[in-house]
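Asker: Okay, here's the prediction I keep looking at, along with the sequence it came from:
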Amino acid sequence: MTSSENTIKPGTWRVSLQHAQGKEIPFIMEAEEKAGKTVLYLINGEERILVDDIQPQGDSLKIGLHIFDADLIAKVEGDKMTGRFVKNDTATPYSVPFTAAHGKTSRFSESPAAASFDFDGKWEVVFTESDGGTYKAIGVFEQKDNQLNGTFLTETGDYRYLEGQVDGNELKLSTFDGNHAYLFTAKPTNDSTLTGDFYAGMSGYESWTAKRNPAAKLASADTLTYLKPGYETLSFTFPNLEGKQVSLSDEKYKGKVVLVQLLGSWCPNCMDETNFLAPYYDKNKSRGLEIIGLGFERSPEFDKAAARLQKMQERMNVNYDLLVAGVSDKEAAAKALPALNHVLSFPTTIFIGRDGKVRKIHTGFSGPGTGKYYDDFVAEFNKTMEELLAEKN
């Protein structure tokens, strides 16, 4: 083995995941030396996700992907890398082949054709799934010459930071956060409508259409999940990461404002919400706030589920309680919390006043990749919390 083998050169790497339909899902990764060891960053627009768990495995490297139960298995030979993106937490674990080239800085074409269409702005979007089902979204794009950034918002969450380019009249956007690998393409059908394709992971595919609409809206995230008639409060008991049973009725939570966060360590939108809630809790705990994260994990085995949540807790500096509530199935989550009409999305956040009554339920999460939508969420969240924290017992 030469010195260049399995040594990741510092600098920029362009990585290309091979989708089953012959498409490549590209992303940029940066390598640098930090305290004598190599670390990587996954780059998506403004986002930089630190990846620092890199271990030898046979003739390759095993690169653990942040909090997710997924890895890049990479064989490095100088300026090239080949291997597989492996997802361990799906019902049937799968792997996606990838190649990577050092020194390439563009996700897509190094020399795209001059942009001949303006994708900038807000779009009313309909995605069509492989079984014919549809769902609505809002596309929000920022274009500067050939450079394009943006995201899609849905009623259950957003598609996070998307980065790409306009090549002639074609939109190209992609993202890779360690769990989700997405590619979106589209072309105009006239000056105000688009038709496009969405490729995900190993073989996922949906088509989409869009029309330009500055007033595009989705249903309010505060109206989609609610208590069934006859309920005013929640009741649950689940084990914490040490196996000790914890109940919402415990003395610790009495007279406090309590946020109940339905989450999974496998869920990038939950990662975004946790990045917001963890520092908020540290800052406001002394005012009579508690947060309980109910983890719905891929594994039905307690030890495995607890280990995934513990990794998330440690890497994201989560100082509030995390409980193992069940498996990552919306129907199972709804059964675990029978007061709710349903569980539509991970995350879902339940606001409980000092009197123990549920005041509000927020479905999904519009993360920082959504720009103004995230800012609006933060403002509304802060307003609600100030009102609840100001209440007397």
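Answerer: Perfect, thanks for sending it.
Asker: now Glu314: how far from Arg308?
Answerer: 11 Å (CB to CB, to the nearest Å). For glycine as for every other residue, the C-beta is placed from the backbone atoms N, C-alpha and C.
Asker: quick one, phi/psi of the residue nearest the centre of the chain?
Answerer: In the chain, the residue lying closest to the centroid (CA atoms, centre = their mean) is Pro268, at 2.0 Å. Phi and psi for Pro268, reported as degrees, to the nearest 10, are phi -60, psi -40.
Asker: which stretches of the protein aren't confidently modelled?
Answerer: Within the chain, the stretches with pLDDT under 70 are 1-5.
Asker: repeat that with 50
Answerer: Where the chain drops to pLDDT under 50, the residues are 1-3.
Asker: quick one, longest helix in it?
Answerer: helix 372-390 (DSSP state H).
Asker: Give me the buried stretch members for it, please.
Answerer: Within helix 372-390, the residues that qualify as buried are Tyr373, Tyr374, Phe377, Phe381, Thr384, Met385, Leu388, counting by 16 or more other CB atoms under 10 Å.
Asker: Touching, the residue nearest to the centre of the chain and Asn179? I think so.
Answerer: Yes. Between Pro268 and Asn179 a contact is recorded at 5.5 Å, counting by CB atoms under 8 Å.
Asker: circling back: more neighbours: which of Glu314 and Arg308?
Answerer: Arg308 (21 against 10; other CB atoms under 10 Å).
Asker: Let me know the secondary structure of the more buried one.
Answerer: helix (DSSP: H, G, I helix; E, B strand; the rest coil).
Asker: What's the separation between it and Val343?
Answerer: With CB to CB as the criterion, Arg308 and Val343 are 19 Å apart.
Asker: Report all helices and strands that the longest helix of the chain contacts.
Answerer: Using 3 or more CB pairs under 8 Å, 6 or more residues apart in numbering; DSSP states H and E as the contact test, the elements touching helix 372-390 are strand 257-263, helix 268-284, strand 348-352, strand 358-363.
Asker: Report the buried residues of the second one.
Answerer: I take that to be helix 268-284. Counting neighbours by 16+ other CB under 10 Å, helix 268-284 gives Pro268, Asn269, Cys270, Met271, Asp272, Glu273, Thr274, Phe276, Leu277, Ala278, Tyr280, Tyr281 as buried.
Asker: which non-adjacent residue is nearest the fourth one?
Answerer: For Met271, ignoring the flanking residues on the chain, the nearest one in space by CB to CB, 6 or more residues apart in numbering is Ile67 at 6.5 Å.
Asker: For that neighbour, identify the helix or strand it belongs to.
Answerer: Ile67 is part of no helix or strand, with elements assigned from DSSP states H and E.
Asker: for it, what are its contacts?
Answerer: Ile67 makes contact with Gly178, Ser265, Met271, Arg308, Lys311, Met312, Arg315, Met316, according to CB atoms under 8 Å, 6 or more residues apart in numbering.
Asker: show me the contacts for the fourth one.
Answerer: If you count contacts by CB under 8 Å, 6+ apart, Arg308 has them with Ile67, Asp69, Asp89, Ser265, Trp266, Gly295, Glu297, Arg298, Ser299.
Asker: burial count for Leu248?
Answerer: Around Leu248 there are 21 residues (other CB under 10 Å).
Asker: Can you show me the strands along the stretch 1-150 of the chain?
Answerer: 11-18, 24-34, 37-44, 47-51, 53-57, 60-64, 70-77, 80-87, 94-102, 121-128, 134-144, 147-154 (DSSP state E, counting those that start in this stretch).
Asker: Of these, which stretch is the most buried?
Answerer: Of the strands of the stretch 1-150 of the chain, the one with the most neighbours on average (mean count of other CB atoms under 10 Å) is strand 147-154, at a mean of 22.
Asker: Could you spell out the sheet neighbours of whichever helix or strand comes after that strand, each with its direction?
Answerer: The helix or strand immediately downstream of strand 147-154 is strand 157-158, counting by DSSP H and E. Within its sheet, strand 157-158 is paired with strand 147-154 (antiparallel), according to DSSP bridges.
Asker: What lies in contact with stretch 310-327?
Answerer: 66-67, 236, 238-241, 246, 262, 265, 271, 274-275, 277-279, 281-282, 285, 290-300, 302, 305-306, 309, 332-333, 336.
Asker: Pull out the buried positions in that stretch.
Answerer: 310-313, 315-316, 318, 320-327.
Asker: now Arg84, nearest residue through space, not along the chain?
Answerer: Ser95 (4.0 Å).
Asker: hey, what's that neighbour bridged with?
Answerer: Beta-bridge partners, per DSSP bridges, of Ser95: Val86.
Asker: was I right about it contacting Leu72?
Answerer: No. Look at Ser95 against Leu72 with CB under 8 Å: they stay out of range, at 9.9 Å.
Asker: Identify the contacts common to the two.
Answerer: Contacts common to Ser95 and Leu72, judged by CB under 8 Å, 6+ apart, are Arg84, Phe85, Val86.
Asker: Which one of the residues you listed is nearest to Pro368?
Answerer: Phe85 (24.3 Å; CB to CB).
Asker: Does that closest one touch Ser95 like I think?
Answerer: Yes. Assessed by CB under 8 Å, Phe85 is found in contact with Ser95 at 6.4 Å.
Asker: Now do the contacts for Leu162.
Answerer: Asn44, Gly45, Asn149, Gly150, Thr151, Phe152, Leu173, Ser174, Thr175, Tyr182, Phe184, Gly369.
Asker: do you know which of the strands of the stretch 1-150 of the chain lies nearest Thr189?
Answerer: strand 121-128 (12.6 Å).
Asker: Can you check what angle separates the closest one from strand 134-144?
Answerer: If you take axes from the mean of the first three to the mean of the last three CA atoms, to 10 degrees, strand 121-128 sits at 150 degrees to strand 134-144.
Asker: So what are the sheet partners of strand 121-128 and their directions?
Answerer: Partners of strand 121-128, by DSSP bridges, with direction: strand 134-144 (antiparallel), strand 204-212 (antiparallel).
Asker: Let's have those strands in CSV, adding distance to Glu124.
Answerer: Shown next, in CSV, are the strands paired with strand 121-128 (distance: least, CB to CB, whole Å):
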stretch, distance to Glu124
strand 134-144, 7
strand 204-212, 5
